[in-house]
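*Asks:* No letters, just coordinates:
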């Protein structure tokens, strides 16, 4: 099937495609133009290195950049470089992050500019298609190059280090590619692991932010909330794009269920939802744009210039843009997750739901009381992860490398924050669906009814006191389903909705 094959060309890889290659059973192919770009850059890199010093090819690296590599030592120099840099530590990165790293590096090489032998592209493609995983420890990068991760990968390609065994315990053989010593620095001089994790985190974040709008609409319906805060007039008066997008989506979700509001004004969790969730959508969108630019860039140092037949020593390896964008996204995520926790509080309150406290089956029962604790525990972690990684600093390699943006740590914090957000949002979904079940109400049609039906199909209907951990886990795992449902709403649906007077019932 065509949709199970993704072609890498060095120019058009998306964060979503990185996620598919990392997590799904797809075949990776290489566009011939990407191979041609890599082949030309490799040829020119060799020619230029014969005429002038080229960092990492004819010199040492870091503070050793002033040391020339003698021609008789050139073959051993690159291998020593790989061995010395394959020194990460700590637990291993998750398999999907490692596959994302390999995907990004493959695409970067296809962009041209590295000067690595073009055979490396086929080797990395084989690694992905064979399901091979190099051992990549968590610790070793600070946003200026994933040297330890890619050095470990290179040693696996050379046969010096073993690929990780399969889940069945079988040891796998690699593609048998021999990386030239002169290409060693060019191969590992990349932020592919950081960008791979960032691409996964950005994709997951956008999915959950979309699902959050659906969950918020279910909660609003359950507490007989007012639609007035989502009026087009309100958001034309404050025309932030993200805010307007959230309000329009809420209007679409609620189009079949105009209900008389129970209050003249709802709490901020409902009334200010567009103003708080909108910035998160915009921040996530900006982060994804930044990451997409980076994974399709020839961000190499030195950069092989095939047009002018030269090399440029530069700082494109520095991923300050990525780290700062993800730092901003996590801050915005905390703000909107705080509203989710606030909405959960209203779903436990009789004055909002018309039910017993905590949606309990009896007056003495605890019902969903514990969900608030779980949600606020997850929220506390998101607040902790929201600390900007960019506030750090480092001076390394005898003072030559005198700055670090810590985008690696920002990407990791974003992954962790997204995981915690998933749990908190799952708690709200459990509470909203339970409230509607106890009220004996369901949305009457359109995408909100579809969302309720999807959620109700996998959430346990029992109301007596019982462990809710399985409910939270199931709800959290199925949030992407609600996101896909939202993205399947036909264009123009909102304009075609049934008419109803404000405050009336559809």
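*Replies:* Nice, I can see it. Keep in mind that this is a model prediction, so the values were computed, not measured.
*Asks:* The lowest-mean-pLDDT helix or strand in the chain: which residues count as buried?
*Replies:* Counting by mean pLDDT, DSSP states H and E, the chain has its least confident helix or strand at helix 74-85, which shows a mean of 82. Neighbour counts over helix 74-85 (16 or more other C-beta atoms under 10 Å) mark 77-79, 81-83, 85 as buried. For every residue, glycine as well, the C-beta is placed using N, CA and C.
*Asks:* do stretch 133-142 as well
*Replies:* 133-138, 140-142.
*Asks:* Give me every residue in contact with that stretch, excluding its own residues.
*Replies:* Residues outside stretch 133-142 that contact it (C-beta atoms under 8 Å, 6 or more residues apart in numbering): 87-93, 95, 97-99, 101, 127, 146-149, 152-153, 155-156, 161-164, 191, 193-194, 392, 394, 404-406, 408-409, 412.
*Asks:* out of these, which are inside strands?
*Replies:* 89-92 (DSSP state E).
*Asks:* Check the offset of whatever helix or strand residue 288 lives in from the chain's centre.
*Replies:* In the assignment (DSSP states H and E), residue 288 maps to helix 273-295. Chain-centre distance of helix 273-295: 11 Å, with C-alpha atoms, centre = their mean, to the nearest Å.
*Asks:* Which strands or helices does that helix pack on?
*Replies:* helix 15-23, helix 95-110, helix 192-222, helix 241-253, helix 320-347 (3 or more C-beta pairs under 8 Å, 6 or more residues apart in numbering; DSSP states H and E).
*Asks:* and residue 487, which of the ones you listed is closest to it?
*Replies:* helix 192-222 (6.6 Å; C-beta to C-beta).
*Asks:* which is the next helix or strand following that closest one?
*Replies:* helix 232-236.
*Asks:* Buried residues in that next one, which are they?
*Replies:* residue 235.
*Asks:* What of stretch 291-304?
*Replies:* 291-292, 294-304.
*Asks:* related to what we said a few turns ago, narrow the contacts of stretch 133-142 to just the buried residues.
*Replies:* The neighbour-count test (16+ other C-beta under 10 Å) marks 88, 92-93, 97-99, 101, 127, 146-149, 152-153, 155-156, 161, 163-164, 191, 193-194, 404-406, 408-409, 412 as buried among the contacts of stretch 133-142.
*Asks:* picking up where we left off before, and the buried residues of helix 74-85 as TSV, adding distance to residue 359?
*Replies:* What follows is these, written out as TSV (distance: C-beta to C-beta, whole Å):
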residue	distance to residue 359
77	68
78	64
79	64
81	61
82	59
83	60
85	56
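*Asks:* which pair in those spans the largest distance?
*Replies:* 77 and 85 (12.5 Å).
*Asks:* which stretches of the protein have low pLDDT?
*Replies:* The model of the chain has pLDDT under 70 over residues 1-3, 56, 58, 60-75, 398-402, 490-506.
*Asks:* And it, split by domain according to the record?
*Replies:* Per automatic domain parsing, the domain ranges recorded for the chain read 2-190, 198-299+319-496.
*Asks:* Now tabulate the helices and strands packed on helix 273-295 in TSV and tack on distance to residue 275.
*Replies:* Listed next are the helices and strands packed on helix 273-295 as TSV, based on distance: least, C-beta to C-beta, whole Å:
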stretch	distance to residue 275
helix 15-23	26
helix 95-110	33
helix 192-222	13
helix 241-253	6
helix 320-347	10
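*Asks:* Quick one, which of those helices gets closest to residue 477.
*Replies:* Comparing those by their distance to residue 477 (C-beta to C-beta), the top pick is helix 192-222, with 11.4 Å.
*Asks:* which of the residues in stretch 11-20 are buried?
*Replies:* 11, 13-20.
*Asks:* Nearest to residue 285 among these?
*Replies:* Taking C-beta to C-beta as the measure, residue 285 sits nearest to residue 15 out of the buried residues of stretch 11-20, at 11.0 Å.
*Asks:* The closest one reaches residue 202, doesn't it?
*Replies:* Yes: between residue 15 and residue 202 a contact is recorded at 5.1 Å, counting by C-beta atoms under 8 Å.
*Asks:* follow-up on the earlier one: so which of the buried residues of stretch 133-142 belong to strands?
*Replies:* Counting by DSSP E, these contribute 137-138 to strands.
*Asks:* Give me the three-state assignment for residue 168.
*Replies:* Under DSSP: H, G, I helix; E, B strand; the rest coil, the three-state class of residue 168 is coil.
*Asks:* so who does the residue lying closest to residue 280 once chain neighbours are set aside touch?
*Replies:* Spatial nearest neighbour of residue 280, excluding adjacent residues (C-beta to C-beta, 6 or more residues apart in numbering): residue 332 at 4.0 Å. Residue 332 makes contacts with 279-280, 282-284, as judged by C-beta under 8 Å, 6+ apart.
*Asks:* Could you do residue 40 as well?
*Replies:* By C-beta under 8 Å, 6+ apart, residue 40 lies in contact with 112, 306.
*Asks:* Go ahead and report the secondary structure state at it.
*Replies:* helix.
*Asks:* among the contacts of residue 332, who's most crowded?
*Replies:* residue 284 (30 neighbours; other C-beta atoms under 10 Å).
*Asks:* Please report how far that one lies from residue 457.
*Replies:* Separation of residue 284 from residue 457 (C-beta to C-beta, to the nearest Å): 28 Å.
*Asks:* closest to residue 268 among the buried residues of stretch 291-304?
*Replies:* Checking the buried residues of stretch 291-304 one by one against residue 268 (C-beta to C-beta), the nearest turns out to be residue 291, at 31.0 Å.
*Asks:* doesn't residue 203 make contact with that closest one?
*Replies:* No: counting by C-beta under 8 Å, residue 203 is not a contact partner of residue 291; they are 9.3 Å apart.
*Asks:* what touches both of those two?
*Replies:* In terms of C-beta under 8 Å, 6+ apart, residue 291 and residue 203 are both contacted by the residues residue 15.
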